[in-house]
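Colleague: sequence first, then the predicted structure:
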Amino acid sequence: MKSIVELTVTEALRQLKAKQISAVELTEESLSAIEKSNGKLNSFLTVEKDLALMMAASADAQIASGEAGPLCGIPIGIKDCFNVEDMLSRSASHILEGFHSPYEGPAIERLRAAGTVFLGKTNTDEFTCGASTENSAYGTTHNPWDLERVPGGSSGGSAVAVTAGLSLFATATDTGGSIRQPASFCGVVGLKNTYGRVPRFGVMPMASSLDTVGAISKTVEDMALILQVMAGADDRDSTTPEVAVPDYSQNLKAPVRGLKIGIPKEYFIEGIEAGVEKAVRQAVEELQNQGAEIVEISLPHTKYAIPVYYLVAPSEISSNMARFDGIRYGPSSDTAEDLLDYYLETRGTGFGPELKRRIMIGTHVLSSGYYDAYYLKAQKVRTLICRDFDQAFGKVDVIAAPTSPTTAFKIGEKEQDPISMYLADIFTAPINLAGIPALNVPCGFSRPEGAAVDLPVGIQFIGPRFSEDCLLQVGYAYQQATDWHLKRPVIG
Amino acid sequence: MATQLTKEQVEKIAELARLKLTSDELDMYRIQLSEIMSFFDTLSEVNTANIPPTAQTTGLVNRYFADVARPSLPQDRATREARVKQGNYFKVKAVL
């Protein structure tokens, strides 16, 4: 058997079906990989060993009876912002210390029904607010390529779990880049779905008009299998349209010949790491060699996306975080004398520094006298950003761009400067504002100044709403011709 | 035009947000929030006359489901995570 670090979901399913390996063996391998490396990586916050082995045994029984679901026996990591019934679910926040969720939503229900095995919860920035996983209340996650660097965020724990072979894939969420940027920093595949493609019910909200639910995997082929299970409308999320779910795996192998791929000039700005630009341009050349037509395009409002995002997202965060009052769940003040004090103390001690920052930005810009100048203005510029993309997709099928202007930065490097951390989302946040899908695929390595090793670079393929099938097709064609996605780090 | 928030403004925002801050936090957030608010000024150069705001990107307006009773979270499960309870009820400090 291939080492668990290299094993893909597709290959594991084949071996499970051929009875070359059992789900229990696969789960034991994952658990021992976690035991071996998690101390250095802090990828998993909690490991549910007994539950995982029980789910694996039941998966084996299903396989034996011939009634296995499409991902039966595959051990997975679950980002801590997903509620899983009776499992500790904290979104890496002290304000949910001890919270064992009484319910779960469609994304987890579907993965359960498909036969996946839940290994435990992966680290994230608190309530998914961050681009480095440093905002977790339970310590930062370390990048397996260089332990002194961040894995990206907020889905850093999930990206590392997949990169280091601790789980075969992992669930994740993307509000401003939280799937794609860590996938890029770690050299794995991450799909940010169209807004509403996968129901959000049961996933703890950050910014409700931007939040999307998806996954991180080793290959594009694996991602097609995972999305097949997770996608589709649900009555409990009123923002999921009844758009048919295509057969993602069937569409995968179509050639890219004749496909028009747009290259937006605003994504190749000054300040982008030289090795990142080089790797991305080479990836575009590869697709051109396969017969894709490359077209220069412009997305003129790109530079306004970060200020718009950091007005819209914190406004929605401040509303969503209002539910944490210490009354229905989580720790609360023992010393407060009245109800107002109770709220102030519970929230003042429960939330970390970045959450407080975002809650206050949102509270301020939504408060009387500021709403029109900030929130409403941002929503209008958001319209212009959406129109940029709509116009571009009149000319091209797919847009290709770097996922992040840099490779993984050092732990602590941006800690004292919130705005420099916010700018890490510069190439990912516009996509969330427009509600469209984007797929990160590893496309090479770069060694920035001061780095001891080469670090992964990611390219993102961006498409119109509900074009996940086309993005997977482009990503698959690229991975058939290259081997960047097969490179694995040696954990120091 | 750089925005400079005063200490009193930050105290007011924190109270509206129901966050108790230490005096060190107040000092830090006064500086950081002022910088972040100034960062938003760049949007004033965009002409948004006659541009409608966007909050929903997929064009979906409403989603309906049949108006029939469905099982919901049982009361004991819905309240089990609360620290302070009376029976299957949440217990809250006096509001008035």
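Modeller: All right, it came through fine. Numbering: from 1, shown residues only, chains lettered A, B, ... in the order given.
Colleague: remind me, longest helix of chain B?
Modeller: Secondary structure of chain B per DSSP state H: the longest helix is helix B:23-39.
Colleague: send me it as CSV with only the CA atoms.
Modeller: Presented in CSV, the C-alpha positions along helix B:23-39 are these (Å, rounded to 0.1, in the frame of the first residue of the first chain):
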residue,chain,number,x,y,z
SER,B,23,-7.5,50.0,29.5
ASP,B,24,-4.6,48.5,27.5
GLU,B,25,-7.1,47.0,25.0
LEU,B,26,-8.8,50.4,24.7
ASP,B,27,-5.5,52.1,23.8
MET,B,28,-4.6,49.4,21.3
TYR,B,29,-8.0,49.4,19.6
ARG,B,30,-8.2,53.2,19.4
ILE,B,31,-5.0,53.2,17.3
GLN,B,32,-5.9,50.1,15.2
LEU,B,33,-9.5,51.0,14.6
SER,B,34,-8.5,54.5,13.5
GLU,B,35,-6.0,53.0,11.0
ILE,B,36,-8.6,50.6,9.7
MET,B,37,-11.3,53.2,9.3
SER,B,38,-8.8,55.4,7.4
PHE,B,39,-8.1,52.5,5.1
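Colleague: does any part of the next helix or strand after it sit near chain A?
Modeller: Going down the chain from helix B:23-39, the next helix or strand is helix B:75-79, by DSSP states H and E. Yes: in terms of C-beta under 8 Å from any C-beta of the partner chain, part of helix B:75-79 sits within range of chain A, namely B:Arg77, B:Ala78, B:Thr79. Where C-beta positions appear, they are placed from N, C-alpha and C, glycine not excepted.
Colleague: who's in contact with the longest helix of chain B?
Modeller: A:307, A:310, A:353, A:356-357, A:360-361, A:364, A:418-419, B:1-7, B:10-11, B:13-14, B:21 (C-beta atoms under 8 Å, 6 or more residues apart in numbering or on different chains).
Colleague: from these, which land in helices?
Modeller: Using DSSP H, the contacts of helix B:23-39 in helices are A:307, A:310, A:353, A:356-357, A:360-361, A:364, A:418-419, B:7, B:10-11, B:13-14.
Colleague: which of those residues ranks first by neighbour count?
Modeller: In terms of neighbours by other C-beta atoms under 10 Å in any protein chain shown, the ones in helices among the contacts of helix B:23-39 top out with A:Ile361 at 27 neighbours.
Colleague: could I get the contacting residues of the residue nearest to that one when sequence neighbours are not counted?
Modeller: Of all residues not flanking A:Ile361 in the chain, A:Pro314 sits nearest, at 4.0 Å (C-beta to C-beta, 6 or more residues apart in numbering or on different chains). By C-beta under 8 Å, 6+ apart, the residues touching A:Pro314 are A:Ala207, A:Arg358, A:Ile359, A:Ile361, A:Gly362, A:Val365.
Colleague: quick one: residues contacting the residue nearest to A:Leu147 when sequence neighbours are not counted.
Modeller: Leaving aside its sequence neighbours, A:Leu147 sits nearest to A:Gly492 (C-beta to C-beta, 6+ apart; 5.7 Å). Contact partners of A:Gly492, counting by C-beta under 8 Å, 6+ apart, are A:Lys40, A:Asp146, A:Leu147.
Colleague: look up the pLDDT of A:Met360 for me, please.
Modeller: pLDDT for A:Met360: 98.
Colleague: now A:Ile269
Modeller: At A:Ile269, the model reports a pLDDT of 87.
Colleague: OK, contacts around it?
Modeller: Per C-beta under 8 Å, 6+ apart, neighbours of A:Ile269: A:Pro405.
Colleague: just give the nearest non-adjacent residue to the closest residue to chain B within the stretch 351-492 of chain A, would you?
Modeller: For the stretch 351-492 of chain A, the residue closest to chain B is A:Gly435, as judged by C-beta to the nearest C-beta, at 2.7 Å. Of all residues not flanking A:Gly435 in the chain, B:Thr57 sits nearest, at 2.7 Å (C-beta to C-beta, 6+ apart).
Colleague: check that neighbour and give its pLDDT.
Modeller: 94.
Colleague: what is the neighbour count of it?
Modeller: Counted with other C-beta under 10 Å, the neighbours of B:Thr57 add up to 22.
Colleague: ramachandran angles for it?
Modeller: Backbone dihedrals for B:Thr57, given as degrees, to the nearest 10, come out at phi -100, psi -20.
Colleague: what's near enough to touch it?
Modeller: A:Tyr195, A:Ser209, A:Cys386, A:Leu433, A:Ala434, A:Gly435, A:Ile436, A:Arg465.
Colleague: make CSV out of those and add pLDDT.
Modeller: Shown next, in CSV, are those (pLDDT from 0 to 100):
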residue, pLDDT
A:Tyr195, 98
A:Ser209, 97
A:Cys386, 98
A:Leu433, 98
A:Ala434, 98
A:Gly435, 98
A:Ile436, 98
A:Arg465, 98
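Colleague: A:Ile459: which of those is nearest?
Modeller: Taking C-beta to C-beta as the measure, A:Ile436 is the one of the contacts of B:Thr57 closest to A:Ile459, at 16.2 Å.
Colleague: return the distance of that closest one relative to A:Ala161.
Modeller: Distance of A:Ile436 to A:Ala161, computed by C-beta to C-beta, to the nearest Å: 27 Å.
Colleague: so between these two, which is more surrounded?
Modeller: The residue with more neighbours, out of A:Ile436 and A:Ala161, is A:Ala161; 39 against 26, by other C-beta under 10 Å.
Colleague: alright, calling it a day.
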